[in-house]
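Q: Quick one, fold the following:
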Amino acid sequence: MSEFEIYSSDLLSSSKLFLEEAKADLPEGGKQRMLRAALTHAFFFLEAQLNYVASHFSNSSEFSVIERSLLSERDIALDNGKFVLVNKSKFFRLEDRIEFLLARFSRDLESAKGTWFSDLKSSIKVRNRLVHPKDAHSLEVNEVEKAILSVLGCLSALYRAIFGKPFPPSALGLHSGPMG
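A: Numbers count the residues shown, from 1 in each chain. As a prediction, this is how the structure comes out:
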């Protein structure tokens, strides 16, 4: 297992452990801190895994320069009359990157999206309220649980479509598994 894979796995473990701590008997301020940490770590994990999957294809000639731009989150420019990737960041919406990979590798995009996709979109809205606050708000345990499960559902769908097998950590659901 690479250093990055260990790091990514730790992000998921942290998310689940923060959720477990939030469910303990804590004052509301402590509970909210744990829920925020659980939610953000779940999305850190999703981004890490999405980047890991995309890295398998970001230099492949099987993909157009625009597709490689999306996968690597690098901008494109004209160089001697041809579009090329440049060393400048260009960020795309998380759900666009996910849908692209699913559309590219699955037989049926809508089937691949299942129920987790709408849960992920609503979880992204919750995350966006948290990381771009305009008002004070509290998180609920069920919102964070739904976010973690939708992240796992997303990665399982991506792994099935791309690699032909489910994403192993998905089998544990919200359980943190053995501590290593």
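Q: For residue 7, list the residues it contacts.
A: Residues near residue 7 by Cβ atoms under 8 Å, 6 or more residues apart in numbering: residue 48. C-beta: built from backbone N, CA, C; applies to glycine.
Q: Next, name the residue at the spatial heart of this structure.
A: Centroid check for the chain by Cα atoms, centre = their mean gives residue 46 as the closest residue, at 2.1 Å.
Q: per-residue pLDDT, that one?
A: Note for residue 46: predicted pLDDT of 97.
Q: Look at it and give its secondary structure.
A: State at residue 46, reduced to three classes by DSSP: H, G, I helix; E, B strand; the rest coil: helix.
Q: Would you mind listing the residues in contact with it?
A: Neighbours of residue 46 in contact, by Cβ under 8 Å, 6+ apart: 94, 151, 154-155.
Q: List phi and psi for residue 87.
A: As for residue 87, its main-chain torsions (degrees, to the nearest 10) stand at phi -90, psi 60.
Q: distance of it from residue 38?
A: 34 Å (Cβ to Cβ, to the nearest Å).
Q: and if you look at residue 82?
A: 45 Å.
Q: looking at this, residue 26 is in a helix?
A: No. Counting by three-state DSSP, residue 26 is located in no helix; its state is coil.
Q: Would you agree it is in contact with residue 34?
A: Yes. Residue 26 sits in contact with residue 34 when judged by Cβ atoms under 8 Å, with a separation of 6.8 Å.
Q: So which of those two has more stuff around it?
A: Using other Cβ atoms under 10 Å, the more surrounded residue of residue 26 and residue 34 is residue 34, with 22 against 14.
Q: doesn't the more buried one fall inside a strand?
A: No. According to three-state DSSP, residue 34 belongs to no strand; its state is helix.
Q: Contact partners for it?
A: Residue 34 touches 18-19, 21-22, 26, counting by Cβ under 8 Å, 6+ apart.
Q: which one among these gets closest to residue 65?
A: Nearest to residue 65 among the contacts of residue 34, counting by Cβ to Cβ, is residue 18 at 39.5 Å.
Q: how about the helix or strand harbouring residue 5: buried residues?
A: Assigned by DSSP states H and E, residue 5 belongs to helix 3-23. Buried residues in helix 3-23, counting neighbours by 16 or more other Cβ atoms under 10 Å, are found at 8-9, 11-19, 21-22.
Q: count of residues packed around residue 59?
A: 11.
Q: Phi first, then psi, for the residue of the chain most remote from its centre.
A: The C-alpha centroid of the chain is most remote from residue 80, which lies 36.2 Å away (Cα atoms, centre = their mean). Main-chain dihedrals, residue 80, degrees, to the nearest 10: phi 50, psi 40.
Q: before we move on, what about the one 3 residues further on?
A: Torsion angles at residue 83 (phi, psi; degrees, to the nearest 10) stand at phi -80, psi 130.
Q: Thank you, goodbye.
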